[in-house]
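> Got a predicted model here, sequence first, then my questions.
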Amino acid sequence: MENLVNKEQNSLTKDDGFFSKKLQRRNFLQYAGVSAAGIALVAAGCKKDTFNAGVDLGSGDIGILNYAYALEQLEAAFYTQIIATPFTGITSAELAAFTDIRDHEIAHREFLKAALGAKAIQNLEVNFSTINFSSRDSVLGTAKAFEDLGVSAYNGAGYLIKSPDYLTLAGKIVSVEGRHAAYIRDLISNGSFAGSDVVDAMGLDKSRTPAEVLSIAGAYIKTKINASNLPS
């Protein structure tokens, strides 16, 4: 988790984020036709010599949707594990909130999978061996890093999307990820929901390229991803 947090703090900040709309949980879950069964997983090669090997995300909008789908697989797997093995001292309010977040991430994952259809990448494999799921600090620290990473990933990929419909979908998802990030940050330190480490002096949130995001996420994955055909 230290590697993820350190890389997150050192990554470049850009101002090409895009605005998004509110996503209502119940309507989204109903539309996606979600089942909570199963954990889908994500992976990414972080070294130059492995970046072009592994599961091919594809190109164009399909590639970007598969990129988002991979990240949603990671988050869905993480929050599913939190609910399966709650950390010591978790409150009923925290458990309820984490259950909602898990359901959101599963909905995102399944919606993207359905949108991609036959072009969706396979279920991928994570590695959570460095996370102590019985420790509140370990779980919250990782959740913060994952949520901040997810927001920056959607912000960094938004301008690459050509389809207005797909861009609208991405905007709806990133707005929910931002809500998650704010909640987790306030659980760690009240009032830190919009810290200067993620929101700059112009009020713009951080963005990262797919290469930066996949490099950071690589600490928690096993399967390799080929992102070389993504638009840039």
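Looks like it came in fine. Numbering: from 1, shown residues only.
> Tell me where this structure is predicted with low confidence.
1-52 (pLDDT under 70).
> which stretches of it form helices?
2-10, 25-32, 60-84, 92-116, 136-157, 164-188, 210-217 (DSSP state H).
> so can I have a markdown table of the ones you listed showing distance to residue 128 and mean neighbour count?
Placement of C-beta: from N, CA and C, glycine included. Output for these, formatted as a markdown table (distance: least, C-beta to C-beta, whole Å; neighbours: other C-beta atoms under 10 Å):
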| stretch | distance to residue 128 | mean neighbour count |
| --- | --- | --- |
| helix 2-10 | 12 | 15 |
| helix 25-32 | 24 | 14 |
| helix 60-84 | 6 | 23 |
| helix 92-116 | 14 | 19 |
| helix 136-157 | 8 | 23 |
| helix 164-188 | 17 | 19 |
| helix 210-217 | 12 | 23 |
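> Farthest from the middle of this structure: give me that residue.
In terms of distance from the mean C-alpha position of the chain, residue 89 ranks first, at 25.6 Å (C-alpha atoms, centre = their mean).
> Do me a favour and get the backbone dihedrals for it.
phi 80, psi 10 (degrees, to the nearest 10).
> Return the distance of it relative to residue 184.
From residue 89 across to residue 184, the span is 16 Å (C-beta to C-beta, to the nearest Å).
> ok, now which ones touch the spatially closest residue to residue 116 that is not a sequence neighbour?
When the adjacent residues along the chain are set aside, residue 116 lies closest to residue 65, with 5.5 Å between them (C-beta to C-beta, 6 or more residues apart in numbering). Under the criterion of C-beta atoms under 8 Å, 6 or more residues apart in numbering, the neighbours of residue 65 are 112, 115, 116, 166.
> What distance do you get for the spatially most central residue of the chain to residue 108?
Per C-alpha atoms, centre = their mean, the C-alpha nearest to the average position across the chain is that of residue 150, at 3.6 Å. Computed as C-beta to C-beta, the residue 150 to residue 108 distance reads 9 Å.
> repeat for residue 90
Using C-beta to C-beta, one obtains 23 Å as the distance from residue 90 to residue 108.
> ok so, going back, any chance of the helices of the chain in TSV, with distance to residue 54 too?
Putting these into TSV (distance: least, C-beta to C-beta, whole Å) gives the following:
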stretch	distance to residue 54
helix 2-10	20
helix 25-32	27
helix 60-84	11
helix 92-116	17
helix 136-157	18
helix 164-188	23
helix 210-217	10
